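sequence unknown, structure follows:
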């Protein structure tokens, strides 16, 4: 609240949690438990998407939500539709997670909404995967060269989004 994040739409429930994750250092990985998360278990009609959208100046979504289950996907789509109707800018961090879906399954859900996004955020790995899939003209281009400004601009055009950001993770030494 101190930073201006509107919390009035938050709901608490006794039957679920926010999602639990466990860091496994020896595997250098993180394991997520989303099955019992509040958003995964929500029921249709839990949120008034029109009121949420109409009280927002910007909406930020992730690609994780629509892949959790049918109800979160329906809510995610409803919020996008309301934002479009109200001309509220939307950003999407695709946040592709192979444990939840294939990239093709995620893109099937997301692609219809690309033209209404103000910003699409992709990880380096996902950007390379999408470039390989959608930009045949870059054929045998090495991964490191696939993310030149020319290739990213072509990917943005192909995806039909207003702006595209590719994130790079700085490797930590052992």
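Cool, got the structure. On a predicted model such as this, the values are computed, not experimentally measured, just so you know.

which non-adjacent residue is nearest residue 96?
The shortest distance from residue 96 to any non-neighbouring residue, by Cβ to Cβ, 6 or more residues apart in numbering, is to residue 126 (4.7 Å). C-beta: built from backbone N, CA, C; applies to glycine.

what about that neighbour, helix or strand, and which?
Using DSSP states H and E, residue 126 sits in helix 124-134.

how far out from the middle of the chain is that helix?
Relative to its chain's centre, helix 124-134 lies at 15 Å (Cα atoms, centre = their mean, to the nearest Å).

quick one: mean pLDDT over it.
Per-residue pLDDT over helix 124-134 has a mean of 88.

pull out the buried positions in it.
Judged by neighbour count (16 or more other Cβ atoms under 10 Å), helix 124-134 contains these buried residues: 126-131.

for stretch 140-156, same thing?
By neighbour count on 16+ other Cβ under 10 Å, the buried set for stretch 140-156 is 141, 146-147, 151-152, 154-156.

can I get these in CSV with secondary structure, pLDDT and distance to residue 120?
Below are those laid out as CSV (DSSP: H, G, I helix; E, B strand; the rest coil; pLDDT from 0 to 100; distance: Cβ to Cβ, whole Å):
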residue, secondary structure, pLDDT, distance to residue 120
141, coil, 78, 21
146, helix, 72, 16
147, coil, 75, 14
151, helix, 82, 15
152, helix, 86, 11
154, helix, 89, 14
155, helix, 90, 9
156, helix, 92, 8
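
what about the strands in this protein?
20-24, 29-33, 59-62, 90-93, 119-123, 164-167 (DSSP state E).

skipping adjacent residues, who's closest to residue 97 in space?
residue 64 (6.0 Å).

so that neighbour makes contact with residue 95?
Yes. Look at residue 64 against residue 95 with Cβ atoms under 8 Å: they come within range, at 5.2 Å.

okay, those two: which has more neighbours?
Counted by other Cβ atoms under 10 Å, residue 64 and residue 95 do not tie: residue 64 has more neighbours, with 22 against 17.

now, among the buried residues of stretch 140-156, which is nearest to residue 24?
residue 147 (29.4 Å; Cβ to Cβ).

for residue 117, which non-adjacent residue is spatially closest?
residue 161 (4.5 Å).

pLDDT value on that neighbour, please?
pLDDT for residue 161: 90.

check the one 10 residues further on too.
On pLDDT, residue 171 comes in at 58.

please apply the same query to residue 51.
Confidence score, pLDDT, at residue 51: 87.
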